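>>> okay, sequence plus prediction incoming.
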Amino acid sequence: MSTPILQIQNLNSGYGQLQVLRDISFDVTPGEILAVIGANGAGKSTLFRTISGLIVPMSGNIWFDGINITGYDSARIVSRGLSHAPEGRRVFNGMTVEENLKIGAFRRADKSRASISAGLEQAYTYLPKLRDRRNQLAGTLSGGEQQMCAIGRALMADPRVLVIDELSLGLAPIIVEELLYTLENIQEGGCTIILVEQDISIALSFSDRAVVLQSGQVVMTAPSPELLSNPEIIKFYLGG
Ligand SMILES: Nc1ncnc2c1ncn2[C@@H]1O[C@H](COP(=O)(O)OP(=O)(O)OP(=O)(O)O)[C@@H](O)[C@H]1O
Ligand SMILES: [Mg+2]
């Protein structure tokens, strides 16, 4: 098995005195699509925020590509190649699609004009609808298009790992399918993907492997097809 691109070791994290994540450990293999699943409040977004550097963990370590990034701020983590699209999309409403994408380029290692143009071209190739709407204000985009914009912005940092929190939330199935197709292309382009997802059937049918969170703890890590074919386990841990 290849060296993990991301390693989470005995991670404890939360908000102030409130501990949410307890002793979380798992590895992410380069090139895989890993799903992090769990019921509402299981701690998925807290895990996402801790990995992204938005929350400093109480203890434990996060290794990215051989470097201990624990305690790095979010900008530094993105610059190293771990990019994220947060829950709720958070596009800049008053800016155009292209301006949103260009903001993502601030964390690109190579900030030359040629490199940023290449990044834009790549984002538009993966997300052709954004090209058509490049001059539209992001706040006027549909939910699905905003998600595309958030993914495009994360891609502009030229990541090796892309973490997405709640890809499918509030979106019609046909839009989710389109987004998953895009993610597959991004993965085939060499990017590792971590999908933090509340919709278990979407997450499991799309990913190679899944980490199951329950009350802030990892209760299971297994190949996704194995979990899909075992509804008892899903019911037991996720109540669905
Ligand atoms: N900013 C915050 N301050 C204090 N507690 C928080 C904060 N954000 C989340 N929590 C708490 O942390 C726990 C885990 O929340 P988290 O958002 O990580 O869950 P989640 O698995 O992402 O849920 P969902 O599926 O609803 O997105 C919850 O009990 C929540 O109330
Ligand atoms: Mg969440």
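Arrived safely. Residues are numbered from 1 along each chain as shown. Ligands and ions are numbered 1, 2, ... in the order given.
>>> every contact and neighbour count from this point should use C-alpha atoms.
OK.
>>> what's the next secondary structure element after the helix or strand hosting I186?
Using DSSP states H and E, I186 maps to helix 173-188. Going down the chain from helix 173-188, the next helix or strand is strand 192-197, by DSSP H and E.
>>> returning to that earlier point: what sits up against the helix holding I186?
The contact list for helix 173-188, computed with CA atoms under 8 Å, 6 or more residues apart in numbering, reads 31-33, 126-127, 144, 148, 167-168, 193, 206.
>>> which of the residues in that helix are buried?
Of all the residues in helix 173-188, those buried under the rule 16 or more other CA atoms under 10 Å are 175-176, 179-180, 182-184, 186-187.
>>> what mean pLDDT does it have?
On average, the pLDDT along helix 173-188 is 94.
>>> numbering from 778 from now on, please.
Got it, first residue is 778 now, which makes that one helix 950-965.
>>> angle of that helix against strand 969-974?
150 degrees (axes from the mean of the first three to the mean of the last three CA atoms, to 10 degrees).
>>> make TSV out of the buried residues of helix 950-965 and add distance to N845.
Output for the buried residues of helix 950-965, formatted as TSV (distance: CA to CA, whole Å):
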residue	distance to N845
I952	37
V953	34
L956	31
L957	30
T959	30
L960	27
E961	28
I963	26
Q964	24
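>>> tabulate those residues (JSON lines), appending distance to ligand 1.
What follows is those, written out as JSON lines (distance: CA to the nearest ligand atom, whole Å):
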{"residue": "I952", "distance to ligand 1": "20"}
{"residue": "V953", "distance to ligand 1": "17"}
{"residue": "L956", "distance to ligand 1": "19"}
{"residue": "L957", "distance to ligand 1": "19"}
{"residue": "T959", "distance to ligand 1": "22"}
{"residue": "L960", "distance to ligand 1": "20"}
{"residue": "E961", "distance to ligand 1": "23"}
{"residue": "I963", "distance to ligand 1": "24"}
{"residue": "Q964", "distance to ligand 1": "23"}
